[in-house]
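> Let me see the structure of the following:
(2 chains)
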Amino acid sequence: MNRLLNDLLPSRRDALRWGGTALATTWVDGLVWPLQVSAQGRSTPRGTARNCIFIELGGAISPMDCWDFKETRWTPKDLDVTEVSKGLYLSQTLFPQLAKNMHRVSLVRSLQAPELIHFNGQYHTQTGRSLNPAVAREIPAFGSIVAYELASQRREQDSFPTYVSTNLTKARAGSLGAGFLPTWATGLDLDPSTVFAAFGGDMTGANQVMAERWRLLTELAGINEGQRAAMGQRAADYQTFYDDAHRLLNDARWPKVFNASTEDTQRYGDDEFGLGCILARNLLAQNAGTRMIYIYDGDRWDHHAGIFDKSAEWNHYRTCTRLDKGLVSLINDLAAAPGQAPGKTMLDETLIVAQSEFGRTPGMNPVAGRDHYKGAYSGLYAGGGVAGGRVLGRTDADGSTCIDPGWRHKSQPFMDNTLATIYSALGIDWKKVVTNTPSGRDYAYVDTVNLGGAAMMESDEIGTLFA
Amino acid sequence: MFAVSWLHRPSVLIAAATCLYSATVWTQSRPATPAPAPHERMESAHEEMLRDAGDRGRDAARLTNAVAPAADPAAAGRAVPRRNFIDELIFARLEHDGVPHAGLAGDDEFVRRVYFDATGLPPSAADVRAFVADASPGKRDRLIEDLLARDEFAEQWAWYWGDLLRMSNEAGPGANGFHYWFKEQLRVDRPYTALVHDVLTPSSKVHATLPSLAMIGRSNQLKSRFVESVDDYRISNRLDHIDALAIDVSRVFLGVNTSCVSCHDGALHLESINHYLADRTRDEFFAMSAFFGTTRLIGNWNDKSRNVDRDLHVDDLGAGYDGGNDAPFSTMAESQFPRPKGAHAPAFMLTGETPRAGYEPRAELARMITEHPQFARATVNIIWGRLMSVGFVEPHDAFDLSRLSGKDAQPNNVALLEALAADFKTNGFRLKRTIRTIMQSSTYQLSSRFPGEWNDRFIPYYPRHFARVLTGPEVVDAVSVVTGVPMRFSLGGETMTRVKQLATPQDIGRGGEAMAIDALMQSFFQSNRRTPPQAGNRPSTLQALLMMKSTVVNDRVLASAKGRVAELVASTRTPGEIIDELYLSTMARTPSPAEAAVARRTLAVDRARGTEDLLWALLNSPEFLVSR
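Presented below is the predicted three-dimensional model:
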């Protein structure tokens, strides 16, 4: 940001702050920047999941119309709300498929939001902490923490990046980098609207052309004729990016990620969200190193007005049914796919979380919309050791106040605790604190901030979700 | 809880209406301009801090070490001619501190660099041949003169100023006019002071009739179908809009990013970031905004669409800047930073000067800005950073006005920054003239190839030319020019063949290969202009993936595309001549014997396939994607 701030960063750190989207391929065995960690071993991660798919419902889904349904004078007549299981009411109109699959998912209705502004909320969701401009440049996306933690488990045959996101460059906070972590922990963000055309399709023929071209490119790049060398002494600094890209393009599994049949797009939806879910399914199916997938659904939930106005482009009927199709198709496809361990399904080994940056006001505003609300909202969890069919936490009659936090603490869980849950399921010690950050400020995997008075945010997973 | 009771405030209608539209992404430009929510200003302020992260000096040095071959150590310190005051200051400092420097760039290195910096396009093979063959003295100055007179020069720099001033499709019909107007100003090198006056001061019945008004008329948020009265300017958060204007004005014309103090005092927030801003108060920011306090932007009501037109009436008959006249905030988080009630009179943040009686505040602001020494500093810093890959202050809007000189000075070369600023002022604030002065210096013309061991400590000395990754528009335009298969865009009914001929990134459109072009441009750091320029100077795997796989490249290298490859294959040229031609047009040099041998083997197998593959390989080499 300026020299004063830069001077705070040791040069070895800067040497690693390079190239936004490098992939973890050749770096697996050498963690070049050993982190000093304190407070290790204070949590007991469950390790019930091999993968995680985090779905960010950008703009904020309305809990009381969806997963914490409250009938009010504003409720449209056509929602067809039924009691799916004991105490769980869900609109068949908005969630026709989810209603049939609630046995696979659990809901937490007691979440509390830390922020009320989209940018800050989405930043918090992606990093598990509030935006602090003073240290923002060293804060990694939590997906990068996962990539860093799982690096030692990467296998020789893994060529995909551990952390892949979809559509995130279009999120309010953008696609955040690896912060103080090595560059290889950076996520690769794929834009579902372009990558299918760019990387998919029949690759026979194209692969031969690519092979010949690559051979030519590397042969030319390798020429080192005294002063005429095409590249500088540190040519590898640039070449690595091409090598990584080529290794991906040359991997027969890569184009398969970008196969979406007509049947797929009909089931999932043929847009940024449905295609993002198809990408997630395909990435896991290829089993080529990707373990953490972050799907940004495109910021369609910010219903400040006309939430049930069917003439509005992104009215609630449309956003909900779109979510319903993609999410449930993903859950069901993973449930039907075999996992790594014998007898396990892919869903058993993959924790799926769907959550917004905050909730929406229980009362409808005068223009028939709901505004931002942090008092209580809901999240959805499935797979990866999470028990199905549970509804944790309760709110009062209008959904404004939490009356049962639904876990072993008296305060409400935050996004930070969802993050601890993800870390726990993936076998990551969520109480770790990194002490040798560039700024010198400790980085806690799960931040525990003061909530006012003596109350501190709990550094705990939402353990009641697990079977 | 709080939000429930808060909901019953009747005024919420207005806030909710302005909140309707969320930020859109530029790859999905919509027909209607979405109105930014009131909180967007605050969001974008924080967003910038993240985007600006990174050390441009070290990035540039690292990139240069990767792409520029080492030079003979014997060349270190070899004298180069001192051509103007830039060289006097740079080389005196190098000598004084015993820092070795590169020799002058060879003709091939120079010709490619100056073409890209001046026009954003690579020289053709014929251009390179003619320049290298020219043995007469003064040929570099003549080439600079030639390039600065071209349309492509105006396009290249107008595009960059479009990035700085954030001229996206939010500007509506004004964006096109602004684009043509700005190009014309550059072409004739009209004083930048006059340009800034034109941008800040006019009034108009229909803002699009005055091209320079597009910045003030940008992102008008007067659009809502819930509004009954257009006279109620609380339908938009008017104070948000003018605060955003005040921030952009400070950022681009003064090099100071006042985003932080638009929400809170600098004290206890900015001490480790910017000493000057740490001492600024929010009231001082309000006073700066208050220059626009009487400015009214009124959308004309359209009964048919029950909406306001995108053409604005702009005048200065408003009530002034008053926090009590603010639109209500739509969430509790936004109201963490409510504007306190009370009127604010205009006062220039840098001096405290207030407008003279009888003068319009906007005109007074333009005068105060352009008369202040920081205006010249900020402007030459932008140009220097653009041409030298690393500015005196990075990013360009991070000036700390408390550290302009002395032991703890922020600019990496205080004397040269002041000298360039003085030169800019003395010679009538002419942008093109300053660009020419820098390009003519031996400092600009140094080779990127460093003799001996590089040390990042040398960065502030500019002892070599620093490389830069091409910008998004440069990559796309260079691919189309080199392959001879033009892009096809439409602007105002006219077909355009280069990105930089367009007014905004959104003009790329959505059909055909537009999405692929978008993806490529974004990976090379093109902003959507709703946010400030990203100014990244790093290679990435995503760039490599797209360059190797994008149809923008791959469809153009095919002989069937009927471009340069088809022409070369069908010609009577020998394989050696084809290879020379491709190397010259992509890298502005002929191949080395070893490179030529590899390429000849490829062409020998299949003349057409070999030519395609060779061009593909050249377009995918760092030497093509970097200007050094």
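> what helix or strand does whatever residue of the stretch 51-200 of chain A ends up closest to chain B sit in?
Going by C-beta to the nearest C-beta, chain B is nearest to residue A:116 of the stretch 51-200 of chain A, at 3.1 Å. Quick note: C-beta positions are derived from backbone N, CA and C, even for glycine. For residue A:116, there is no host helix or strand (DSSP states H and E).
> What count of nearby residues applies to it?
With neighbours defined by other C-beta atoms under 10 Å in any protein chain shown, the count for residue A:116 comes to 25.
> Same check on the one 3 residues further on?
Using other C-beta under 10 Å as the criterion, residue A:119 is surrounded by 24 other residues.
> right, and the helix or strand after the lowest-mean-pLDDT helix or strand in chain A?
In chain A, no helix or strand scores lower on mean pLDDT, DSSP states H and E than helix A:11-16, which sits at a mean of 26. Downstream of helix A:11-16, the first helix or strand assigned by DSSP H and E is strand A:37-38.
> CA atoms of the helix or strand following that following strand as CSV?
Using DSSP H and E, the helix or strand that follows strand A:37-38 towards the C-terminus is strand A:51-56. In CSV, the C-alpha atoms belonging to strand A:51-56 read as follows (Å, rounded to 0.1, in the frame of the first residue of the first chain):
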residue,chain,number,x,y,z
ASN,A,51,-13.6,-33.0,0.6
CYS,A,52,-15.6,-29.8,1.2
ILE,A,53,-17.9,-27.9,-1.1
PHE,A,54,-18.9,-24.5,0.3
ILE,A,55,-21.8,-22.8,-1.5
GLU,A,56,-22.0,-19.1,-0.8
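> Tell me the strands beside the helix or strand that strand A:51-56 is followed by, with direction?
Downstream of strand A:51-56, the first helix or strand assigned by DSSP H and E is strand A:81-85. Applying DSSP bridges, strand A:81-85 is found paired with strand A:88-91 (antiparallel).
> Which of the three states applies to residue A:379?
The three-state assignment at residue A:379 reads strand, by DSSP: H, G, I helix; E, B strand; the rest coil.
> Can you tell me how far the nearest residue in space to it that is not next to it in sequence is from residue A:276?
Take residue A:379 and drop its neighbours on the chain: the residue closest to it by C-beta to C-beta, 6 or more residues apart in numbering or on different chains is residue A:355, 4.1 Å away. The gap separating residue A:355 from residue A:276 is 15 Å, by C-beta to C-beta, to the nearest Å.
> neighbour count winner among the two?
residue A:276 (30 against 22).
> The more buried one: what's its closest spatial neighbour, skipping adjacent residues?
Distances taken as C-beta to C-beta, 6+ apart place residue A:166 nearest to residue A:276, at 3.8 Å, with adjacent residues excluded.
> just checking, that neighbour touches residue A:295?
Yes. Counting by C-beta atoms under 8 Å, residue A:166 does reach residue A:295; the two are 5.2 Å apart.
> Mutual contacts of these two, please.
Shared contacts of residue A:166 and residue A:295 (C-beta atoms under 8 Å, 6 or more residues apart in numbering or on different chains): A:276, A:280.
> quick one on the thing from earlier: what's near enough to touch the residue nearest to residue A:379?
By C-beta under 8 Å, 6+ apart, the contact set of residue A:355 is A:54, A:55, A:56, A:57, A:111, A:125, A:379, A:380, A:415, A:418.
> pLDDT below threshold where in chain A?
Scanning chain A for pLDDT under 70 picks out A:1-35, A:133-134, A:137, A:183, A:201-205, A:224-231, A:439, A:450, A:452-453.
> typed the wrong thing, it's the stretch 201-350 of chain B
Residue ranges of the stretch 201-350 of chain B with pLDDT under 70: B:219-238, B:300-310, B:326-337.
> quick one: the strands in it?
Ranges of strands in the stretch 201-350 of chain B, per DSSP state E, counting those that start in this stretch, are B:296-302, B:307-315, B:321-322, B:343-344.
> Please name the strands paired to the last one in the sheet, noting orientation.
It refers to strand B:343-344. Taking DSSP bridges as the criterion, strand B:343-344 sits next to strand B:321-322 (antiparallel) in its sheet.
> Can you mark which positions in the host helix or strand of residue A:249 are buried?
In the assignment (DSSP H and E), residue A:249 maps to helix A:235-250. Residues A:235, A:237-249 are the ones in helix A:235-250 that count as buried (16 or more other C-beta atoms under 10 Å in any protein chain shown).
> Could you list every helix and strand in contact with it?
Packed against helix A:235-250, as judged by 3 or more C-beta pairs under 8 Å, 6 or more residues apart in numbering or on different chains; DSSP states H and E, are the following elements: helix A:206-222, helix B:56-67, helix B:541-549, helix B:622-625.
> any idea which helix or strand comes after that helix?
helix A:253-257.
> Report the next helix or strand after that following helix in sequence order.
For helix A:253-257, the following helix or strand on the C-terminal side (DSSP H and E) is helix A:262-268.
> Any chance you could give me the following helix or strand past that next one in PDB, C-alpha atoms only?
Downstream of helix A:262-268, the first helix or strand assigned by DSSP H and E is helix A:272-286. The C-alpha coordinates for helix A:272-286 follow below in PDB (Å, rounded to 0.1, in the frame of the first residue of the first chain):
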ATOM      1  CA  GLU A 272     -23.500 -19.900 -13.300                       C
ATOM      2  CA  PHE A 273     -24.800 -21.800 -10.300                       C
ATOM      3  CA  GLY A 274     -25.900 -25.000 -11.900                       C
ATOM      4  CA  LEU A 275     -22.700 -25.200 -13.900                       C
ATOM      5  CA  GLY A 276     -20.700 -24.400 -10.800                       C
ATOM      6  CA  CYS A 277     -22.300 -27.400  -9.100                       C
ATOM      7  CA  ILE A 278     -21.600 -29.600 -12.100                       C
ATOM      8  CA  LEU A 279     -18.000 -28.500 -12.000                       C
ATOM      9  CA  ALA A 280     -17.800 -29.400  -8.300                       C
ATOM     10  CA  ARG A 281     -19.200 -32.800  -8.900                       C
ATOM     11  CA  ASN A 282     -16.800 -33.400 -11.900                       C
ATOM     12  CA  LEU A 283     -13.800 -32.100 -10.100                       C
ATOM     13  CA  LEU A 284     -14.300 -34.600  -7.200                       C
ATOM     14  CA  ALA A 285     -15.200 -37.400  -9.600                       C
ATOM     15  CA  GLN A 286     -11.800 -37.000 -11.300                       C
END
